[in-house]
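Enquirer: what follows is a predicted structure for the sequence shown.
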Amino acid sequence: MVRTRAARQTDVVTDPTTPPQRLTRADGSPIRALVVDDEPNLADLLRMALGTEGWDARVASNGQEALNLVREIEPDVVVLDWMMPGLDGMEVLRRLRDGGNDVPVLFLTAKDGVDDRIAGITAGGDDYVTKPFDLREVVARLRGMVKRRVGEPEHDSVLRVGDLTLDEETYEVARAGETIRLTAKEFELLRYLMRNQRRVLTRAQILENVWSYDFGGRSGVVEIYISYLRKKLDALGAPLIHTVRSVGYTIKPA
């Protein structure tokens, strides 16, 4: 865990964990976020954190700049500092709502009184985080707000490579409509290949992700199981699994 001290009274905690499945807009483009804060260190830290989510995050250092960027980029979510010189966060929010803009807004503020929270929500804010805060919590809250606004993409349990299908929920495998019976390890190997179709996977990558190095010291176990799969798949059509000499294996449509 890394603790970062930003200017004034902001104490931000980051944790280098693997991010959840990435969210996108309906058209597949990155989520657009606007971070509004007059503390450059904090704003940049939030921008980088959202960037690791795969989002297109922009920064504004004052209220007027924030209003201009909202019109320009039409963000999916806004992180808004309450206390800023000139146009403060409450005034920025009021102008957004008066203009008919319902973009979700997460307030960041040192104000931690109940009355302040009620005022922020009543004014049209969607969530509220007080400083000091945990960066992971802010990102998690923003993800939740974005999910409610743009919807989370549906997960298709069926992997497809050409006429080959693998259902991760029912564990059914078929090619051209013909059912293929696989052992548990053959299924895991095929799933790993299909999840990474057209990518060349090294033997080391396959061992780590399919066997977790628990292969009884048999260095040729990958080749053996690749041959098992080829025998079953190729019986129903053109080869799908290909060897890339001195590198590894890949699967792609015939």
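Expert: Arrived safely. In this text the structure is predicted, and so the values were computed from the model without any measurement.
Enquirer: what about residue 252, neighbour count?
Expert: For residue 252, the neighbour count with other CB atoms under 10 Å is 14. In short, each C-beta sits where N, CA and C put it, glycine included.
Enquirer: ok, the residue nearest to it when sequence neighbours are not counted - contacts?
Expert: Excluding its sequence neighbours, the residue lying closest to residue 252 (CB to CB, 6 or more residues apart in numbering) is residue 198, at 4.9 Å. Contact partners of residue 198, counting by CB atoms under 8 Å, 6 or more residues apart in numbering, are 250-252.
Enquirer: redo the residues you listed as a markdown table? Include distance to residue 27 and pLDDT.
Expert: Output for the contacts of residue 198, formatted as a markdown table (distance: CB to CB, whole Å; pLDDT from 0 to 100):
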| residue | distance to residue 27 | pLDDT |
| --- | --- | --- |
| 250 | 29 | 96 |
| 251 | 28 | 96 |
| 252 | 26 | 94 |
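Enquirer: from the residues you listed, which land in strands?
Expert: Members of those lying in strands (criterion: DSSP state E): 250-251.
Enquirer: let's have the contacts of residue 198 in a markdown table, adding distance to residue 59.
Expert: Converted to a markdown table, these look like this (distance: CB to CB, whole Å):
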| residue | distance to residue 59 |
| --- | --- |
| 250 | 41 |
| 251 | 42 |
| 252 | 41 |
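Enquirer: now do the strands in the stretch 1-150 of the chain.
Expert: Taking DSSP state E, counting those that start in this stretch as the test, the strands found in the stretch 1-150 of the chain are 2-5, 11-14, 32-36, 56-60, 77-81, 105-109, 127-130, 133-134.
Enquirer: what's stretch 231-250 in contact with?
Expert: 161-164, 175-176, 178, 180-182, 186, 193, 197-203, 205-206, 222, 226, 229-230, 251-254.
Enquirer: kindly recompute the last result at 10 Å.
Expert: 161-164, 173-182, 186, 189-190, 193-194, 196-206, 222-223, 226-227, 229-230, 251-254 (CB atoms under 10 Å, 6 or more residues apart in numbering).
Enquirer: of the residues you listed, which belong to strands?
Expert: Among these, the members falling in strands (DSSP E) are 161, 164, 173-175, 178-179, 201-202, 251.
Enquirer: still on that earlier bit, now tabulate the strands of the stretch 1-150 of the chain in a markdown table and tack on mean neighbour count, mean pLDDT and distance to residue 148.
Expert: Converted to a markdown table, those look like this (neighbours: other CB atoms under 10 Å; pLDDT from 0 to 100; distance: least, CB to CB, whole Å):
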| stretch | mean neighbour count | mean pLDDT | distance to residue 148 |
| --- | --- | --- | --- |
| strand 2-5 | 10 | 35 | 29 |
| strand 11-14 | 16 | 40 | 25 |
| strand 32-36 | 26 | 94 | 15 |
| strand 56-60 | 21 | 94 | 19 |
| strand 77-81 | 27 | 91 | 10 |
| strand 105-109 | 24 | 85 | 12 |
| strand 127-130 | 18 | 78 | 11 |
| strand 133-134 | 16 | 77 | 21 |
